[in-house]
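**Q** Output the structure for:
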Amino acid sequence: YQCNNECTHCYNARSRQFPSLTRNDWFKVIDKIWDLGIPHIVFTGGEPTLVDFLPDLIQYAENKGIITGINTNGRKLSDNSFLDKLISAGLDHIQITLESFDPIIHDQMVNYPGAWVETVTGIKNVLNRKVYMMTNTTMLKTNFHQIPQTLDFLAELGVPTVGL
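**A** Numbering: from 1, shown residues only. Next up is the predicted model:
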């Protein structure tokens, strides 16, 4: 439930201090998922990259044959060594939220100054790896008028885009 952003539009209604499961408890959840025949798990949050043992969870699920992904704000993916740990663990896909091509609007929406720089660096880092990536943008009154420019910006970065 932890997050390094403070988005007012966040869908996660839990307190950021709400306790998370332990590594072993998560392994039990992954075992149950596999036993139920669920072939795909997406780690989300809060911000899943803030969980110290995320690479262990990915590798555990991958070793069972489960497809793994994360939904992230991308900020920690600005650290190449951390990103490499996730990919080495077997991560199959990454979804990164970019709220706007405009750093001011993005940072305003996530309530964290400097978040845009880390998120865009994370996107660039992922584009330099062999892992599937997609982006998403939360459409609000704050940024809806910038969606075309945001798509153009992502295309300039090298992200394959599809219009609305």
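
**Q** Give me the mean pLDDT for the helix or strand harbouring residue 133.
**A** Taking DSSP states H and E as the criterion, residue 133 maps to strand 132-136. Strand 132-136 shows a mean pLDDT of 95.

**Q** Just give me how far that strand sits from the chain centre.
**A** Chain-centre distance of strand 132-136: 9 Å, with CA atoms, centre = their mean, to the nearest Å.

**Q** so what does that strand touch, helix or strand wise?
**A** On a contact count with 3 or more CB pairs under 8 Å, 6 or more residues apart in numbering; DSSP states H and E, strand 132-136 meets strand 93-97, helix 115-127. In this view, the C-beta of every residue, glycine as well, is placed from N, C-alpha and C.

**Q** got the angle between it and helix 115-127?
**A** 150 degrees (axes from the mean of the first three to the mean of the last three CA atoms, to 10 degrees).

**Q** which parts of strand 132-136 are buried?
**A** Across strand 132-136, burial judged by 16 or more other CB atoms under 10 Å covers 133, 135.

**Q** And for stretch 80-98?
**A** Buried, per 16+ other CB under 10 Å, within stretch 80-98: 82-83, 85-87, 89-98.

**Q** In CSV, list the C-alpha atoms belonging to it.
**A** What follows is stretch 80-98, C-alpha atoms only, in CSV (Å, rounded to 0.1, in the frame of the first residue of the first chain):
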residue,chain,number,x,y,z
ASN,A,80,18.9,0.7,-13.9
SER,A,81,20.2,-1.8,-11.4
PHE,A,82,16.8,-2.2,-9.8
LEU,A,83,15.1,-2.5,-13.2
ASP,A,84,17.7,-5.2,-14.2
LYS,A,85,16.8,-7.2,-11.0
LEU,A,86,13.1,-7.2,-12.0
ILE,A,87,13.9,-8.3,-15.5
SER,A,88,16.4,-10.9,-14.3
ALA,A,89,13.7,-12.3,-12.1
GLY,A,90,11.6,-12.9,-15.2
LEU,A,91,9.2,-9.9,-15.3
ASP,A,92,7.1,-10.2,-18.5
HIS,A,93,5.5,-6.7,-18.7
ILE,A,94,5.5,-3.3,-17.2
GLN,A,95,2.8,-0.6,-17.3
ILE,A,96,4.0,2.9,-16.4
THR,A,97,1.7,5.8,-15.7
LEU,A,98,2.6,9.1,-17.3
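
**Q** Understood, closing this out.
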